[in-house]
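Asks: let's see this in three dimensions:
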Amino acid sequence: MTIAGSDPSGGAGVQADIKTISACCCYATSAIVAVVDENTIGVTDVYPIPAAFVAGQIRSILDDIGTDAVKIGMLHSSELIMTVRATLDRYPDITDIVLDPVMVATSGDPLLEEEAVATLREVLIPRSRVITPNIPEAEVLLGQKINSQEELPEVAVELSRLGASVMLKAGHLSDERLIDIFYNAETKETIYLESKRIDTVNTHGTGCTLSSAIASFLAKGNSLNDSVKLAKDYISNAIESGAQYRIGKGHGPINHFYKMHEAPL
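Replies: Okay, here's the model as predicted:
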């Protein structure tokens with residue numbers, strides 16, 4: 001199940017989550033928290049769904065279909081964050097929760113109210129099994145600047161003290177090598193996940209996709225380490241396959257279904 005906002009352009013949010021979950025051979029359900037007016041160029045507006053209605057969606061899914069894992073994306077307010085936490089607490093057996101702490105869109109537009117950051121840190125991260133921040137999000141969560149690749153292992157450990165394992169994405173750094181860091185707080189392991197840096201503007205929804213892929217592989221019974229490695233392979237291949245996409249005038253989407261067909265140009 002994905003709990004996130006929509007994206008009418010289809011590259012991010014719930015739409016990207018459903019594509020990813022399906023591509024990873026799982027069945028996707030969703031609870032939509034906001035209708036977002038956006039495209040590949042940027043976000044124009046966000047129309048929040050009332051928190052009580054979001055809780056109702058979650059309960060409807062879990063009371064009927066159930067779920068093996070949950071991916072949580074954009075939660076724009078403190079009220080919504082607390083509502084999602086309280087609703088999930090009614091289902092204590094659901095422990096494979098992947099939180100993508102979405103704060104800023106790929107275009108640079110803010111997606112999270114400023115006062116909600118503390119609520120995310122204190123209320124929802126401790127309920128999650130793994131979080132997937134990028135560099136700007138990690139900086140906000142820790143209140144410090146991150147300047148180099150060498151800092152990332154220590155940063156990941158520091159982030160884990162908030163209550164979850166950490167998949168720290170290095171894409172915002174300028175290093176030629178792209179090395180994401182996964183710190184497994186359950187086993188105290190640090191795993192270096194290196195991939196080639198691909199020259200493309202088509203990075204819309206990569207964070208949504210990675211977190212959904214991790215949740216999907218967890219749902220299929222893989223270990224936490226293996227789920228992160230498989231998700232890293234999936235996102236790397238999807239970016240490479242969609243690098244030459246010609247969809248939209250800004251940051252285009254990746255090719256979620258690269259295993260099934262070539263990306264259209």
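Asks: what about Y245, neighbour count?
Replies: Counted by other CB atoms under 10 Å, the residues lying close to Y245 total 20. Bear in mind the C-beta positions are built from the backbone N, C-alpha and C, glycine included.
Asks: which SSE is it in?
Replies: Counting by DSSP states H and E, there is no helix or strand that carries Y245.
Asks: state the distance from it to I198.
Replies: Distance of Y245 to I198, computed by CB to CB, to the nearest Å: 12 Å.
Asks: do the same with T2
Replies: Applying CB to CB, the value for T2 to I198 is 25 Å.
Asks: what of V54?
Replies: On the measure of CB to CB, V54 and I198 end up 35 Å apart.
Asks: and what of I214?
Replies: In terms of CB to CB, I214 sits 20 Å off from I198.
Asks: neighbour count winner among the two?
Replies: Between I214 and I198, counted using other CB under 10 Å, the more crowded position is I214 (32 against 16).
Asks: is it fair to say that one lies in a helix?
Replies: Yes: I214 forms part of a helix when assessed by DSSP: H, G, I helix; E, B strand; the rest coil.
Asks: helices along this protein, start to end?
Replies: 13-23, 51-64, 78-88, 116-119, 135-142, 152-160, 206-219, 224-241 (DSSP state H).
Asks: ramachandran angles for R246?
Replies: Dihedral angles of R246 (phi, psi; degrees, to the nearest 10) stand at phi -120, psi 70.
Asks: read off the pLDDT value for it.
Replies: At R246, the predicted lDDT confidence score is 91.
Asks: could I get the pLDDT score of E176?
Replies: 69.
Asks: for S30, that is, sorry about that
Replies: 98.
Asks: and H261, by the same measure?
Replies: 76.
Asks: ok, it to F53 distance?
Replies: Taken as CB to CB, the span from H261 to F53 is 36 Å.
Asks: check T95 too.
Replies: Distance, T95 to F53, using CB to CB: 25 Å.
Asks: same deal with D37?
Replies: Separation of D37 from F53 (CB to CB) stands at 19 Å.
Asks: equivalent analysis for V123, please.
Replies: Taking CB to CB as the measure, V123 and F53 are separated by 20 Å.
Asks: looking at H261 and F53, which is more packed in?
Replies: Neighbours were counted for H261 and for F53 using other CB under 10 Å; F53 has more, 13 against 9.
Asks: pretty sure P253 is touching G10, no?
Replies: Yes: contact criterion CB atoms under 8 Å: P253 and G10 qualify, at 6.6 Å.
Asks: now for the two: what residues contact both?
Replies: A16 (CB atoms under 8 Å, 6 or more residues apart in numbering).
Asks: packing partners of the helix or strand of the chain with the lowest mean pLDDT?
Replies: Lowest on mean pLDDT, DSSP states H and E among the helices and strands of the chain sits helix 116-119, with a mean of 90. Where contact means 3 or more CB pairs under 8 Å, 6 or more residues apart in numbering; DSSP states H and E, helix 116-119 is packed against helix 78-88.
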